[in-house]
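>>> Sequence first, predicted coordinates after that:
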Amino acid sequence: MTSDAAVTPGPTDSLLDVAGLRVGHWQQLDDHVTVAGEQPGTGDATGCTVIVADRPTIGAVDVRGGGPGTRETDLLDPSHSVRHIDAVLLAGGSAFGLAAADGVMRYLEERGRGIPMGAPGAVVPIVPGAVIFDLPVGQWHTRPTADSGYAAVAAATDTALPRGSVGAGTAARAGVLKGGIGTASIRLTEGPAAGTTVAALVVANPVGSVFDPRTGLLWGTTTARAADLGLAAPDAEELAAANAVGDKGTVLNTTIGVIATDAPLSKAGCRRVAVASHDGLARAIRPAHSPLDGDTLFALSTGTAELAVPEGVPDAFPPDLPVLAALCVAAADAVERAIVDAVLSAESVAGIPSYFDTFPSARVL
């Protein structure tokens, strides 16, 4: 793991630090939304988030959870034919929310984005996606639709990235706390991948806990990192009350996200980055990759950075192996930091308490 001192965030410390990517959110949220328990939930709470590439981008995926809800993940296998993707959908609504990808495809087709199929205007946009289970928050029949996906991609921008209880994170829960959208970036300043950026955007909605029950600090923080974030161990009374809440108690959950880099990678290289990224998820969520989660992480390479081939690599290995190794380390760190950002940025929704609602003494003024 890279030490906190060695991590240099990009200018916005977000996925937008990888040039060529834009992010758009759509959400529906009522002021009086409630969580289903003995009675159905009321109000509306759901959303979706689209990461759109301004150029055809190499993509891969790694699915680790036992209950995934995904679209077009088989296509991303390194042995399969299609190399590039146009956008990635992250959505609430469980399997119903995958319908939002249809709207993303419609928006891109209208603009001529996708695989050309010969005839004028005949393109097939490639839009992989993954969903979280958020249906018990609000009315069961509230979930993203094709129109939601269209609105999200239409709103995509590279100038600002709202985080917390927005987009696909609107109704997310991180264990017993409010989850949401988080993001982080790392600028590699030395080593074989110097000059490249690795960034992550994550929707934190796990069944597992995001805080240490012994201290109340987030799993993805060291003491030094907590201090940098303005955090301190909360009072014993607050910690005891939080530990007494018990488990999240829902059947399905899931943390999903996108890791991106401007380093040039093949589909196989992107797959390796996606695999390594799950290490960051496991550092920040415990347990991770449970049978009750559908943990899915996509990896993208825009390939806009130029790198020299490292010297001294044995002939038996790919020449860019040291670059890939450095990117994998950074990807895990970026995911870990993005999950922390998601939890700290989230605001209470439907009575699901935020981290600072639960641990008000953890905030250092």
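Good, I have the coordinates.
>>> can we go C-alpha only for contacts and neighbour counts from here?
OK.
>>> now the helices for this structure?
100-110, 146-154, 223-228, 236-243, 267-284, 321-345, 355-358 (DSSP state H).
>>> Any chance of JSON lines for those, columns mean pLDDT?
Below are the helices of the chain laid out as JSON lines (pLDDT from 0 to 100):
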{"stretch": "helix 100-110", "mean pLDDT": "98"}
{"stretch": "helix 146-154", "mean pLDDT": "98"}
{"stretch": "helix 223-228", "mean pLDDT": "86"}
{"stretch": "helix 236-243", "mean pLDDT": "95"}
{"stretch": "helix 267-284", "mean pLDDT": "97"}
{"stretch": "helix 321-345", "mean pLDDT": "96"}
{"stretch": "helix 355-358", "mean pLDDT": "96"}
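>>> Mean neighbour count and distance to P206 for those helices - can I get that in CSV?
Below are these laid out as CSV (neighbours: other CA atoms under 10 Å; distance: least, CA to CA, whole Å):
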stretch, mean neighbour count, distance to P206
helix 100-110, 22, 22
helix 146-154, 23, 23
helix 223-228, 14, 21
helix 236-243, 15, 17
helix 267-284, 24, 10
helix 321-345, 26, 10
helix 355-358, 20, 15
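>>> how about the ones you listed, which one is nearest V166?
Of all these, helix 321-345 sits nearest to V166, with 9.9 Å by CA to CA.
>>> So which elements touch that closest one?
For helix 321-345, the packing partners by 3 or more CA pairs under 8 Å, 6 or more residues apart in numbering; DSSP states H and E come out as strand 180-187, strand 197-204, strand 256-261, helix 267-284, helix 355-358.
>>> List just the one of the ones you listed that sits closest to E336.
With CA to CA as the criterion, E336 lies closest to helix 267-284 of the helices and strands packed on helix 321-345, at 4.3 Å.
>>> and the angle from that closest one to strand 256-261?
120 degrees (axes from the mean of the first three to the mean of the last three CA atoms, to 10 degrees).
>>> coming back round to it: which stretch among the helices of the chain comes nearest G191?
Nearest of the helices of the chain to G191, taken as CA to CA: helix 321-345 at 7.7 Å.
>>> S301 is in contact with C270, isn't it?
Yes - in this structure, S301 is within contact of C270 by CA atoms under 8 Å, at 6.8 Å.
>>> what about G191, how many residues close to it?
Counted with other CA atoms under 10 Å, the neighbours of G191 add up to 11.
>>> Distance of it relative to A308?
Distance of G191 to A308, given as CA to CA, to the nearest Å: 11 Å.
>>> and H80, how many neighbours?
Using other CA under 10 Å, H80 has 10 neighbouring residues.
>>> before we move on, the earlier item: spit out the residues that contact S301 and C270 alike.
I58, G59 (CA atoms under 8 Å, 6 or more residues apart in numbering).
>>> Identify the residue spatially nearest to I352, adjacent ones excluded.
Closest residue in space to I352, ignoring its immediate chain neighbours: K178 at 5.5 Å, by CA to CA, 6 or more residues apart in numbering.
>>> With distance to F133 as added columns, please give the helices and strands packed on helix 321-345 in CSV.
Listed next are these as CSV, based on distance: least, CA to CA, whole Å:
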stretch, distance to F133
strand 180-187, 12
strand 197-204, 11
strand 256-261, 11
helix 267-284, 18
helix 355-358, 20
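>>> what are the pairing partners of the longest strand seen in the chain, and which direction each?
Secondary structure of the chain per DSSP state E: the longest strand is strand 45-63. Applying DSSP bridges, strand 45-63 is found paired with strand 21-29 (antiparallel), strand 84-91 (antiparallel), strand 296-301 (antiparallel).
>>> rewinding a little: mind checking how far the residue nearest to I352 is from V340?
As judged by CA to CA, K178 and V340 stand 12 Å apart.
>>> now swap in S165 and tell me
Relative to V340, S165 is positioned 14 Å away (CA to CA).
>>> same check, this time on T157
According to CA to CA, T157 stands 23 Å off from V340.
>>> Same question for P11.
Distance from P11 to V340, counting by CA to CA: 18 Å.
>>> With G93 instead?
G93 sits 23 Å away from V340, going by CA to CA.
>>> Show me the shaky parts of this protein.
For the chain, applying pLDDT under 70 flags the ranges 1-6, 37-40, 249-252, 309-319, 365.
>>> on that earlier part again, overlap of the contact sets of G191 and A308?
With CA under 8 Å, 6+ apart as the test, G191 and A308 reach no residue in common.
>>> Centre-most residue in this structure?
V202 (1.7 Å; CA atoms, centre = their mean).
>>> so what's that residue bridging to?
G182, G257.
>>> Settle this for me: V137 is touching T34, isn't it.
Yes - V137 is within contact range of T34, at 6.2 Å (criterion: CA under 8 Å).
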